[in-house]
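Trainee: could you look at this predicted model? Sequence included:
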Amino acid sequence: MSRPLPIAVLLSGGGSNLQSIIDHIEKGLLNACIKLVVSNDPLAKGLERARKHAIPSRVISPLEYASRERHDAAIVEQLQKTGAEAVCLAGYMRLIGKAFVHSFPNRILNIHPSLLPAFPGLDAQQQAADAGVSFSGATVHFVDEELDHGPIIIQGAVPAYPGEGREPLARRILALEHRIYPQALQWLAADRMRVDEHGLARLLPDEPRSALRLDQPACLVNPPLETGF
Ligand code: GRF
(Lines give C-alpha, C1' and ligand atoms only; values in the text may rest on other atoms or scores of the structure.)
Protein backbone atom coordinates (compact mmCIF):
# COMPACT_ATOMS: atom_id res chain seq x y z
CA MET A 1 0.00 0.00 0.00
CA SER A 2 1.19 3.53 -0.72
CA ARG A 3 2.03 5.95 2.10
CA PRO A 4 -0.97 7.37 4.00
CA LEU A 5 -2.16 10.76 2.76
CA PRO A 6 -1.31 13.41 5.38
CA ILE A 7 -4.45 15.46 6.04
CA ALA A 8 -5.71 18.18 8.34
CA VAL A 9 -9.29 18.61 9.54
CA LEU A 10 -10.89 21.99 10.29
CA LEU A 11 -14.01 22.09 12.40
CA SER A 12 -16.10 24.30 14.64
CA GLY A 13 -18.48 21.94 16.41
CA GLY A 14 -19.35 18.37 17.27
CA GLY A 15 -16.93 16.69 14.93
CA SER A 16 -18.98 13.63 14.03
CA ASN A 17 -17.48 13.77 10.54
CA LEU A 18 -14.01 13.92 12.09
CA GLN A 19 -14.96 10.83 14.10
CA SER A 20 -16.07 9.03 10.99
CA ILE A 21 -12.78 9.85 9.24
CA ILE A 22 -10.86 8.57 12.28
CA ASP A 23 -12.94 5.37 12.38
CA HIS A 24 -12.39 4.66 8.69
CA ILE A 25 -8.63 5.19 9.12
CA GLU A 26 -8.57 2.88 12.15
CA LYS A 27 -10.49 0.21 10.23
CA GLY A 28 -7.96 0.37 7.40
CA LEU A 29 -10.52 1.60 4.90
CA LEU A 30 -9.00 5.06 4.51
CA ASN A 31 -5.30 5.34 3.82
CA ALA A 32 -4.74 8.71 5.47
CA CYS A 33 -3.14 10.13 8.57
CA ILE A 34 -4.57 13.13 10.42
CA LYS A 35 -1.66 15.47 11.14
CA LEU A 36 -3.68 18.22 12.79
CA VAL A 37 -7.20 19.17 13.83
CA VAL A 38 -7.89 22.91 13.91
CA SER A 39 -10.89 24.59 15.48
CA ASN A 40 -11.75 28.26 15.49
CA ASP A 41 -13.79 27.64 18.65
CA PRO A 42 -12.16 26.45 21.90
CA LEU A 43 -15.43 24.79 22.97
CA ALA A 44 -15.77 22.60 19.88
CA LYS A 45 -16.51 19.00 20.93
CA GLY A 46 -14.45 17.82 17.97
CA LEU A 47 -11.31 18.83 19.88
CA GLU A 48 -12.05 16.18 22.52
CA ARG A 49 -12.42 13.55 19.84
CA ALA A 50 -8.97 14.47 18.50
CA ARG A 51 -7.45 14.26 22.00
CA LYS A 52 -9.01 10.84 22.60
CA HIS A 53 -7.24 9.51 19.54
CA ALA A 54 -3.95 11.31 20.30
CA ILE A 55 -4.29 13.52 17.24
CA PRO A 56 -2.60 16.93 17.57
CA SER A 57 -5.11 19.76 17.74
CA ARG A 58 -5.03 23.54 17.93
CA VAL A 59 -7.48 26.32 18.55
CA ILE A 60 -6.84 29.23 16.21
CA SER A 61 -9.38 31.86 17.18
CA PRO A 62 -10.31 34.65 14.77
CA LEU A 63 -10.56 36.94 17.81
CA GLU A 64 -6.78 37.01 17.94
CA TYR A 65 -6.34 38.32 14.40
CA ALA A 66 -7.06 41.70 12.84
CA SER A 67 -8.66 40.33 9.69
CA ARG A 68 -9.99 37.16 8.11
CA GLU A 69 -6.96 37.09 5.83
CA ARG A 70 -4.59 37.07 8.80
CA HIS A 71 -6.58 34.38 10.56
CA ASP A 72 -6.55 32.26 7.41
CA ALA A 73 -2.82 32.85 7.00
CA ALA A 74 -2.17 31.66 10.57
CA ILE A 75 -4.09 28.46 9.84
CA VAL A 76 -2.33 27.87 6.53
CA GLU A 77 1.03 28.31 8.25
CA GLN A 78 0.15 25.65 10.84
CA LEU A 79 -1.17 23.27 8.21
CA GLN A 80 1.93 23.62 6.07
CA LYS A 81 4.18 23.04 9.10
CA THR A 82 2.53 19.69 9.72
CA GLY A 83 3.03 18.59 6.13
CA ALA A 84 -0.71 18.16 5.47
CA GLU A 85 -1.33 17.67 1.76
CA ALA A 86 -5.11 17.90 1.90
CA VAL A 87 -7.51 19.83 4.10
CA CYS A 88 -10.96 18.62 5.12
CA LEU A 89 -13.53 21.14 6.18
CA ALA A 90 -15.82 19.21 8.49
CA GLY A 91 -18.37 21.58 9.92
CA TYR A 92 -15.96 24.52 9.79
CA MET A 93 -18.32 27.46 10.15
CA ARG A 94 -16.15 30.14 8.59
CA LEU A 95 -15.61 31.22 5.03
CA ILE A 96 -12.10 30.65 3.84
CA GLY A 97 -10.51 33.32 1.67
CA LYS A 98 -8.87 33.28 -1.73
CA ALA A 99 -5.29 33.00 -0.47
CA PHE A 100 -6.21 29.97 1.67
CA VAL A 101 -7.97 28.27 -1.27
CA HIS A 102 -4.95 28.84 -3.49
CA SER A 103 -2.52 27.50 -0.90
CA PHE A 104 -3.99 24.02 -1.44
CA PRO A 105 -5.30 23.98 -5.02
CA ASN A 106 -7.90 21.23 -5.47
CA ARG A 107 -6.77 19.81 -2.12
CA ILE A 108 -9.42 21.34 0.15
CA LEU A 109 -12.60 19.33 0.56
CA ASN A 110 -15.86 20.33 2.16
CA ILE A 111 -18.97 18.42 3.12
CA HIS A 112 -22.31 20.15 2.88
CA PRO A 113 -25.69 18.77 4.02
CA SER A 114 -27.61 19.21 0.75
CA LEU A 115 -27.48 18.16 -2.85
CA LEU A 116 -25.51 21.15 -4.11
CA PRO A 117 -26.07 23.44 -5.92
CA ALA A 118 -29.40 23.35 -4.05
CA PHE A 119 -29.43 24.96 -0.61
CA PRO A 120 -25.94 26.37 -0.08
CA GLY A 121 -25.31 28.34 3.10
CA LEU A 122 -26.61 27.97 6.62
CA ASP A 123 -29.03 25.27 7.76
CA ALA A 124 -29.39 23.49 4.44
CA GLN A 125 -31.53 20.83 6.15
CA GLN A 126 -34.10 23.42 7.20
CA GLN A 127 -33.99 24.99 3.74
CA ALA A 128 -34.75 21.59 2.19
CA ALA A 129 -37.54 20.84 4.66
CA ASP A 130 -39.08 24.27 4.00
CA ALA A 131 -38.90 23.75 0.23
CA GLY A 132 -40.79 20.45 0.47
CA VAL A 133 -38.29 18.51 -1.67
CA SER A 134 -38.69 14.74 -1.99
CA PHE A 135 -34.95 14.19 -1.75
CA SER A 136 -32.09 15.97 -0.15
CA GLY A 137 -28.69 14.65 0.80
CA ALA A 138 -25.06 15.52 1.17
CA THR A 139 -22.26 16.63 -1.12
CA VAL A 140 -18.49 16.37 -0.85
CA HIS A 141 -16.76 18.86 -3.12
CA PHE A 142 -13.46 20.55 -3.73
CA VAL A 143 -13.51 24.06 -2.34
CA ASP A 144 -13.20 27.07 -4.60
CA GLU A 145 -13.62 30.75 -3.83
CA GLU A 146 -17.43 30.65 -3.64
CA LEU A 147 -19.41 29.47 -0.62
CA ASP A 148 -20.38 25.76 -0.79
CA HIS A 149 -19.19 25.59 -4.36
CA GLY A 150 -16.57 23.74 -6.38
CA PRO A 151 -16.13 20.46 -8.29
CA ILE A 152 -18.47 17.80 -6.90
CA ILE A 153 -16.76 14.56 -5.86
CA ILE A 154 -19.67 12.54 -4.48
CA GLN A 155 -23.27 13.07 -3.49
CA GLY A 156 -25.65 10.90 -1.55
CA ALA A 157 -29.41 11.32 -1.60
CA VAL A 158 -31.93 10.54 1.11
CA PRO A 159 -35.71 10.78 0.92
CA ALA A 160 -37.55 13.62 2.61
CA TYR A 161 -41.11 13.10 3.77
CA PRO A 162 -43.90 15.67 3.83
CA GLY A 163 -44.34 17.37 7.14
CA GLU A 164 -41.57 15.50 8.98
CA GLY A 165 -39.62 18.71 9.60
CA ARG A 166 -35.93 19.26 9.90
CA GLU A 167 -34.69 16.74 12.48
CA PRO A 168 -35.43 13.34 10.91
CA LEU A 169 -34.12 14.61 7.58
CA ALA A 170 -30.98 16.01 9.22
CA ARG A 171 -30.31 12.65 10.95
CA ARG A 172 -30.64 10.76 7.67
CA ILE A 173 -28.32 13.20 5.93
CA LEU A 174 -25.69 13.09 8.69
CA ALA A 175 -25.58 9.28 8.64
CA LEU A 176 -24.87 9.44 4.92
CA GLU A 177 -22.23 12.16 5.39
CA HIS A 178 -20.33 9.75 7.60
CA ARG A 179 -20.10 7.31 4.69
CA ILE A 180 -19.42 9.58 1.73
CA TYR A 181 -16.73 11.82 3.26
CA PRO A 182 -14.29 8.99 4.03
CA GLN A 183 -15.01 7.53 0.58
CA ALA A 184 -14.14 10.83 -1.14
CA LEU A 185 -10.98 11.06 0.93
CA GLN A 186 -9.96 7.54 0.06
CA TRP A 187 -10.29 8.39 -3.64
CA LEU A 188 -8.02 11.38 -3.04
CA ALA A 189 -5.57 9.25 -1.05
CA ALA A 190 -5.46 6.72 -3.89
CA ASP A 191 -4.79 9.57 -6.34
CA ARG A 192 -7.96 8.79 -8.25
CA MET A 193 -9.49 12.28 -8.30
CA ARG A 194 -8.88 14.76 -11.08
CA VAL A 195 -10.47 18.08 -11.99
CA ASP A 196 -10.96 18.20 -15.76
CA GLU A 197 -10.76 21.10 -18.21
CA HIS A 198 -14.44 21.91 -17.56
CA GLY A 199 -13.81 22.26 -13.84
CA LEU A 200 -15.59 18.99 -13.04
CA ALA A 201 -14.26 16.34 -10.69
CA ARG A 202 -13.55 12.96 -12.28
CA LEU A 203 -13.01 9.65 -10.53
CA LEU A 204 -10.44 7.46 -12.26
CA PRO A 205 -10.99 3.68 -12.36
CA ASP A 206 -8.92 1.82 -9.78
CA GLU A 207 -6.95 -0.04 -12.44
CA PRO A 208 -5.77 1.76 -15.54
CA ARG A 209 -7.60 -0.50 -17.97
CA SER A 210 -10.80 -1.22 -16.05
CA ALA A 211 -13.97 0.78 -16.50
CA LEU A 212 -15.78 2.26 -13.52
CA ARG A 213 -18.40 -0.18 -12.32
CA LEU A 214 -21.62 1.24 -11.05
CA ASP A 215 -23.39 -1.78 -9.66
CA GLN A 216 -25.71 0.11 -7.37
CA PRO A 217 -29.00 1.63 -8.50
CA ALA A 218 -28.28 5.01 -10.01
CA CYS A 219 -31.86 6.18 -9.89
CA LEU A 220 -33.95 7.05 -6.86
CA VAL A 221 -37.55 8.14 -7.06
CA ASN A 222 -39.51 9.36 -4.07
CA PRO A 223 -42.47 8.83 -3.56
CA PRO A 224 -41.87 5.39 -5.15
CA LEU A 225 -43.18 4.74 -8.66
CA GLU A 226 -46.25 2.49 -8.83
CA THR A 227 -46.10 -0.82 -10.68
CA GLY A 228 -45.92 -0.41 -14.44
CA PHE A 229 -44.29 3.01 -14.49
C1 GRF B 1 -22.41 18.63 8.93
O2 GRF B 1 -23.79 18.59 8.70
C3 GRF B 1 -21.69 19.10 7.70
O4 GRF B 1 -22.32 18.75 6.51
C5 GRF B 1 -21.75 20.59 7.87
O6 GRF B 1 -21.58 20.80 9.24
C7 GRF B 1 -22.03 19.65 9.97
C8 GRF B 1 -20.89 19.21 10.82
O9 GRF B 1 -21.25 18.17 11.69
N10 GRF B 1 -20.79 21.25 7.03
P11 GRF B 1 -20.14 17.47 12.61
O12 GRF B 1 -19.48 18.59 13.39
O13 GRF B 1 -19.19 16.77 11.71
O14 GRF B 1 -20.92 16.55 13.49
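Mentor: On my side now, so go ahead.
Trainee: give me the neighbour count for residue 64.
Mentor: Residue 64 has 10 neighbours, counted by other CB atoms under 10 Å. The way it works is simple: take the backbone N, C-alpha and C, and place the C-beta from them, glycine included.
Trainee: tell me how far it lies from the ligand.
Mentor: 22 Å (CB to the nearest ligand atom, to the nearest Å).
Trainee: ok, residue 39 touching residue 14?
Mentor: No - using CB atoms under 8 Å, residue 39 is not in contact with residue 14, being 11.0 Å away.
Trainee: so who does whichever residue of the chain sits closest to the ligand touch?
Mentor: Nearest residue of the chain to the ligand (CB to the nearest ligand atom) works out as residue 91 at 2.6 Å. When contacts are counted by CB atoms under 8 Å, 6 or more residues apart in numbering, residue 91 touches 11, 12, 13, 14, 15, 17, 46, 111.
Trainee: ok, so of those, who is nearest residue 167?
Mentor: Proximity of those to residue 167 (CB to CB) peaks at residue 14, which lies at 14.9 Å.
Trainee: re the thing from before, TSV for the contacts of residue 91, including secondary structure, pLDDT and neighbour count?
Mentor: Formatted as TSV, these follow (DSSP: H, G, I helix; E, B strand; the rest coil; pLDDT from 0 to 100; neighbours: other CB atoms under 10 Å):
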residue	secondary structure	pLDDT	neighbour count
11	strand	98	27
12	coil	98	18
13	coil	98	17
14	coil	97	16
15	coil	98	23
17	helix	98	25
46	helix	98	26
111	strand	98	24
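Trainee: ranges for the helices of the chain?
Mentor: Assigned by DSSP state H, the chain shows helices spanning 16-26, 46-52, 68-82, 98-103, 124-131, 166-189.
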